[in-house]
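Enquirer: Would you be able to build a 3D model of this:
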Amino acid sequence: MTAFAQTNPITDICFLVEDIDKASAFYVERLGFKPRRRAPGFADFKGAGVTLALWEIEHIAENTGVSSRRAPPGAHKACAAIELASPEQVDAAYAELKAAGVLFHAPPQDYVWNARCVYFADPDDNLWEIYAWSAGGPTGDIDPQ
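Expert: The predicted model follows:
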């Protein structure tokens with residue numbers, strides 16, 4: 001058994017969306033989320049609790065190799081994310097969880113949004129991301145604090 005979940009809190013909930021602009025407008029205009037970061041195919045928002053992120057299905061599929069297969073209308077689509085302190089910790093978590101039997105889509109990789117990430121799905125195909133920002137931090141900050 002691994003202690004991964006006891007030492008690394010869930011930091012982000014990411015909804016996979018068809019249209020980033022339409023979805024972003026809904027969360028800002030209808031629910032009052034404050035935009036935090038915007039990049040091609042991606043946006044995230046400040047709110048109470050964890051970070052809410054939106055990611056276009058085609059964008060995540062093109063960049064990570066994760067399936068772009070759509071659920072039928074009415075089905076829920078989400079991606080939970082755990083932010084770690086460093087890219088090296090992503091590699092360590094990958095090794096730990098792989099040894100525990102977690103099947104990953106691919107080994108950890110560095111992506112164009114300046115993060116090292118790795119992806120896996122649970123038995124019901126709910127997507128999980130483990131990530132850490134690379135040197136220089138996140139890209140696309142709207143209101144840096």
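Enquirer: quick one, phi psi at Ala132?
Expert: Dihedral angles phi and psi of Ala132 (degrees, to the nearest 10) take the values phi -150, psi 140.
Enquirer: secondary structure element for the closest residue to Thr64 other than its chain neighbours?
Expert: Nearest non-adjacent residue to Thr64, counting by CB to CB, 6 or more residues apart in numbering: Tyr119, 5.9 Å away. All C-beta spots, glycine's among them, are computed from the backbone N, C-alpha and C. Here Tyr119, judged by DSSP states H and E, is contained in strand 115-121.
Enquirer: list the helices and strands that strand packs on?
Expert: Using 3 or more CB pairs under 8 Å, 6 or more residues apart in numbering; DSSP states H and E as the contact test, the elements touching strand 115-121 are helix 87-99, strand 109-111, strand 127-133.
Enquirer: Determine which stretch of the ones you listed is the most buried.
Expert: Greatest average neighbour count among those goes to strand 127-133 (a mean of 21), per mean count of other CB atoms under 10 Å.
Enquirer: what's in contact with that strand?
Expert: Applying CB atoms under 8 Å, 6 or more residues apart in numbering, the contact partners of strand 127-133 are 8, 12, 14, 16, 66, 78-90, 93-94, 97, 108, 114-122.
Enquirer: Buried among these? Make that a ChimeraX selection.
Expert: For anyone working in ChimeraX, the buried entries among the contacts of strand 127-133, judged by 16 or more other CB atoms under 10 Å, can be selected with:
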select :12,14,16,66,79,80,81,82,83,84,87,89,90,93,94,97,108,115,116,117,118,119,120,121
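Enquirer: quick revisit: out of the helices and strands packed on strand 115-121, which gets nearest to Thr51?
Expert: strand 127-133 (11.5 Å; CB to CB).
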